[in-house]
Each structure stands twice: as C-alpha cells, then as structure tokens.
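Peer 1: Quick one: sequence and predicted model below, then my questions.
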Amino acid sequence: MSTERAEHTVRPAAVTDADAIAGVHVRSWQTAYRGMLPDDYLDALDPDTRAEWWRNQLRHPDRGTTWVASIDDAVVGFLSLGPSLDEDANPRTLQIYSVYLEPELIGSGVARDLMRTALAEVPPRTVVTLWTAAQNERSRHFYRRHGFSPDGTERTEEIGGTELPEVRYRRG
C-alpha cells in the first residue's frame, strides 16, 4: 500500500472519459475481487465492453454523477453517485454505485478525495448507501472512515458463476 500522496485532480466525468474509466474499472476488479471471484471470469473482463456501458451511463445524467480523479490527465479513479436502486429506499436516498482506483494508488489519498468530493454534493440530512463485498475488508474499512456503517442488510450477487455476499453500508 502506497503512502505517498499522488498529485491529482478530481472533476466531473465526461463521455470522453468512458474508455479510461472502463480500464480502471476492469483493473480494479481484477485486483480487488481476486480470490473472491473465479480467475477466469476476472481475466476475461473486457475494457471495450465496459467502455460502451460507461458511455451509455455518462450520456444520461439522470442516472447519477460520476467524478474522475486524474494524474497528468490520465484517469486513475472514479466514483459514481445517484438515486438509490434499493427497493426499500426512500425516494431521497442516494447510493454510491462504484468507487474504483488504479490498484497501485491504494492508500495515496485519491479515493479519499473522490469520496469527499461526492459527499460534499449530497444535500444535508440525505441518506447515502452503498454495497460492498462482505469479504472486502479494505473497502469496508475505507467506508467506515467516511462515516458509513453496516445497516444490517445483506444480499448475495451471482457474478461469474459464483455467489458473492454483500453488505449494505449507510451514512446519514
């Protein structure tokens, strides 16, 4: 884990960032979920397919906001926030859909700044939730440091032919 502070900027994502976001997304999954999901599934993740998905998302601002962190104009991380997708959510509840970072930048402060930027945009007294893999202690610690705590709701997602238990965290 790096402790050196990266010189980075955080800004709203544009459709033109889709390819770069997709690359970070795939590399991050291949690192973060190794050991939780099958290697063949992770190794087969395709940045081009993911880029098309991101282009579609970024073209529709009603689906939420994505911020990117960049170093020397290269996207190295991103965070997406929008209306909650949970069936039991209040209509005002927001959800962090994703927070991903180039694996070599873990601990650099980049993800922290993405989180702080997104949370600064959340209206007062608004609940924000997110889902994380139950086994991912690193992400769970990160979310606790930003004021989130497990709310007792769990689910299992089927990904790559494997069941992945997830825990919902809540803030506010």
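Peer 2: Perfect, thanks for sending it. Residues are numbered from 1 along each chain as shown.
Peer 1: what ranges of this structure fall below the confidence cut-off?
Peer 2: Applying pLDDT under 70 to the chain flags the ranges 1-6.
Peer 1: what's the longest helix in it?
Peer 2: Taking DSSP state H as the assignment, the helix of the chain that covers the most residues is helix 18-32.
Peer 1: after that helix comes which helix or strand?
Peer 2: helix 39-43 (DSSP states H and E).
Peer 1: which other helices and strands contact that following helix?
Peer 2: Using 3 or more C-beta pairs under 8 Å, 6 or more residues apart in numbering; DSSP states H and E as the contact test, the elements touching helix 39-43 are helix 18-32. (Glycine included, C-beta is placed from N, CA and C.)
Peer 1: Packing partners of the longest helix of the chain?
Peer 2: Under the contact definition 3+ C-beta pairs under 8 Å, 6+ apart, helix 18-32 sits against helix 39-43, helix 47-58, strand 65-71, strand 74-83, strand 94-101.
Peer 1: relative to helix 47-58, how tilted is the last one?
Peer 2: What that stands for is strand 94-101. 150 degrees (axes from the mean of the first three to the mean of the last three C-alpha atoms, to 10 degrees).
Peer 1: From the contact counts, what lies against the next helix-or-strand element following strand 94-101?
Peer 2: Helices and strands here follow DSSP H and E; after strand 94-101, the next one along the chain is helix 110-120. For helix 110-120, the elements it packs on are strand 9-12, strand 65-71, strand 74-83, strand 94-101, judged by 3+ C-beta pairs under 8 Å, 6+ apart.
Peer 1: which one of those lies closest to G23?
Peer 2: Evaluated over those, closeness to G23 peaks at strand 74-83, with 7.8 Å, by C-beta to C-beta.
Peer 1: In terms of secondary structure, what does the closest one contact?
Peer 2: Contacts defined by 3+ C-beta pairs under 8 Å, 6+ apart place strand 74-83 against helix 18-32, strand 65-71, strand 94-101, helix 110-120.
Peer 1: Would you mind pulling up the elements that the shortest one packs against?
Peer 2: In other words, strand 65-71. For strand 65-71, the packing partners by 3+ C-beta pairs under 8 Å, 6+ apart are strand 9-12, helix 18-32, strand 74-83, helix 110-120.
Peer 1: Can you list the neighbours in contact with it?
Peer 2: Outside strand 65-71, the residues within contact range by C-beta atoms under 8 Å, 6 or more residues apart in numbering are 6-13, 17, 20-21, 57-58, 75-82, 101, 110-111, 113-114, 117-118, 121.
Peer 1: Now list the buried members of these.
Peer 2: A residue is treated as buried here by neighbour count (16 or more other C-beta atoms under 10 Å); on that basis the buried members of the contacts of strand 65-71 are 6, 8, 10, 13, 17, 20-21, 57-58, 75-82, 101, 110-111, 113-114, 117-118.
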